[in-house]
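Colleague: Whatever this is, show me its structure:
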Amino acid sequence: MSRVGIVAEGGGTKAAYSAGVLKCLLEHDIVLPYCVGISAGTEILLSYVSKQVDRLEVTGIDAPCQKGVVGLRPFLKEGSIFGIEATYDFIESRVPLDLEAFQNSETQMEVGLYNLKTHKVEYFDKSHIDKDETLIKASCALLLLARPYEFKGEMWMDAGLVDMISIEQSLRAGNDKHIVISTKEEGYVRNPAPKWQLLLSNLVYKDKQITDDLRNRHIRYKEQWDKIAELEKQGKALVLRPHKDLGVTRYTTDPEKLGPWFQLGYDETLERMDQIKEFIK
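Modeller: Sure, this is the predicted structure:
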C-alpha cells in the first residue's frame with residue numbers, strides 16, 4: 001500500500017479553505033499517516049491530527065474574524081501587525097486542542113520554521129508541540145508582519161520565506177503519494193517582491209540573506225509547483241485547490257467572505273471524494 005502524506009500550504013486567512021478541505025476528509029474517515037505544513041497550514045493541521053472537526057471552523061473562520069486580529073491593537077499588545085497570541089488565545093478559549101489525542105494520533109505531523117541565524121528551513125515533528133504551541137506560533141510569524149519567536153534557544157519565523165509548499169519534505173519523509181492542499185486559485189502566479197518590501201526587509205532585519213530569500217521567493221515557489229506538476233503526471237500527487245475566486249486574500253477578516261470560502265473547500269473536496277479515495281487506495 002502506498003504511503004500518502006498531506007502537504008498544506010500557508011496563505012494567512014485564506015487557510016479557511018484548507019480547514020474546509022480537512023473537515024470533509026475527517027468526516028469521510030480519511031486519516032492519513034503523515035502531514036506537513038507551513039505557516040497557517042500548521043494551525044489548520046493541528047485539528048486534523050487531533051480529529052477535532054469543530055475546531056477547524058473556529059480556526060478557519062471565527063478566529064481570524066475577531067476584532068483586533070490585524071492592525072494597531074496587536075501591534076500595541078504584541079509588537080506585530082498580525083495578532084498571533086490573540087488568535088491562539090481565541091481558539092483555545094473556544095475549542096482547546098486535545099493534546100492527548102493529538103500526540104496519540106496515528107498521523108505524524110511536521111512543522112517547518114525558518115532559522116534567522118542559519119537562514120535554513122528546519123522541520124520539527126509533533127513531539128515538540130505542547131500546550132503553549134510555541135512551535136505553531138513561530139511557524140505563523142509572517143515576514144514583516146510578526147515578531148520572530150524563540151524556540152530551542154534560537155529565533156524562528158514563518159518558513160514560507162523559502163518553503164511555501166513542503167513537497168520536498170514530504171518526499172524526504174518517505175511518502176509515495178502526496179495530497180497537496182493549496183490556498184491559491186488555479187492559475188495563480190506569485191510575483192516578485194516589490195522594491196518597497198525589499199527595502200523594508202533590509203530596514204527591519206538588517207540581514208542581506210533574508211532580503212535575498214525574499215527577492216527569490218517567487219522563483220522557489222514556481223520550482224515547488226513544477227515539482228508537484230511532475231508528480232501529478234506520474235500519478236503521485238493530487239492537488240486540492242479553490243476553483244473559484246471569492247475575493248478572499250491572506251488578510252481577509254470578514255466572516256461573510258471566510259464562511260463561504262471554508263464551505264467552498266468542503267464542497268469541492270466532497271465533489272472529488274471518489275477520486276481522493278481512489279488515489280489513496
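Colleague: I'd say Leu45 and Val21 touch.
Modeller: No. Using CB atoms under 8 Å, Leu45 makes no contact with Val21, being 10.9 Å away. Using the backbone N, CA and C atoms, a C-beta is placed for each residue, glycine as well.
Colleague: Wasn't Met157 part of a strand?
Modeller: Yes. Counting by DSSP: H, G, I helix; E, B strand; the rest coil, Met157 is part of a strand.
Colleague: any idea how far Gly187 is from it?
Modeller: 29 Å (CB to CB, to the nearest Å).
Colleague: Tell me which of these two has more neighbours.
Modeller: Met157 (25 against 8; other CB atoms under 10 Å).
Colleague: partners of that one in the sheet?
Modeller: Tyr114 (DSSP bridges).
Colleague: Pull the contacting residues for it.
Modeller: The contact partners of Met157, taken as CB atoms under 8 Å, 6 or more residues apart in numbering, are 113-114, 116, 138, 141-143, 146, 148-149.
Colleague: Neighbour count for Leu45 and Val21, which is higher?
Modeller: Val21 (34 against 29).
Colleague: I'd say the more buried one and Gln263 touch.
Modeller: No. The pair Val21 / Gln263 is not scored as a contact, 11.0 Å apart, by CB under 8 Å.
Colleague: that older thread, looking at the contacts of Met157, state which has the most neighbours.
Modeller: Most crowded among the contacts of Met157, counting by other CB under 10 Å, is Leu113 at 29 neighbours.
Colleague: Pretty sure that one sits against Cys140.
Modeller: No. Between Leu113 and Cys140 there is no contact under CB under 8 Å: 10.2 Å.
Colleague: Give the residues shared as contacts by those two.
Modeller: Contacts common to Leu113 and Cys140, judged by CB under 8 Å, 6+ apart, are Asp158.
Colleague: May I have the secondary structure class of Cys35?
Modeller: strand.
Colleague: how about it, what does it touch?
Modeller: 5-8, 45, 48-49, 107-110.
Colleague: Spatially nearest residue to it, not counting backbone neighbours?
Modeller: Nearest residue to Cys35, sequence neighbours excluded (CB to CB, 6 or more residues apart in numbering): Ile6, at 4.0 Å.
Colleague: So that neighbour: helix, strand or coil?
Modeller: strand.
Colleague: Can you pull out the low-pLDDT segments for this structure?
Modeller: Where the chain drops to pLDDT under 70, the residues are 1.
Colleague: quick one, strands of it?
Modeller: Applying DSSP state E to the chain gives strands spanning 4-8, 34-37, 108-115, 121-125, 149-151, 154-158, 177-181, 237-240.
Colleague: Adding distance to Gln224, write the ones you listed out as a markdown table.
Modeller: Shown next, in a markdown table, are those (distance: least, CB to CB, whole Å):
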| stretch | distance to Gln224 |
| --- | --- |
| strand 4-8 | 10 |
| strand 34-37 | 13 |
| strand 108-115 | 12 |
| strand 121-125 | 12 |
| strand 149-151 | 24 |
| strand 154-158 | 15 |
| strand 177-181 | 10 |
| strand 237-240 | 11 |
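Colleague: Count the residues that sit near Leu270.
Modeller: 16.
Colleague: Please apply the same query to Asp245.
Modeller: Quick note: Asp245 (other CB under 10 Å) scores 10 neighbours.
Colleague: can you pull the contacts of Asp212?
Modeller: Asp212 neighbours (CB under 8 Å, 6+ apart): none.
Colleague: Could you measure from it over to Leu161?
Modeller: Asp212 is 10 Å from Leu161, by CB to CB.
Colleague: Excluding sequence neighbours, find me the nearest residue to the most centrally placed residue in the chain.
Modeller: In the chain, the C-alpha nearest the mean C-alpha coordinate belongs to Gly41, at 1.7 Å (CA atoms, centre = their mean). Spatial nearest neighbour of Gly41, excluding adjacent residues (CB to CB, 6+ apart): Ala8 at 3.3 Å.
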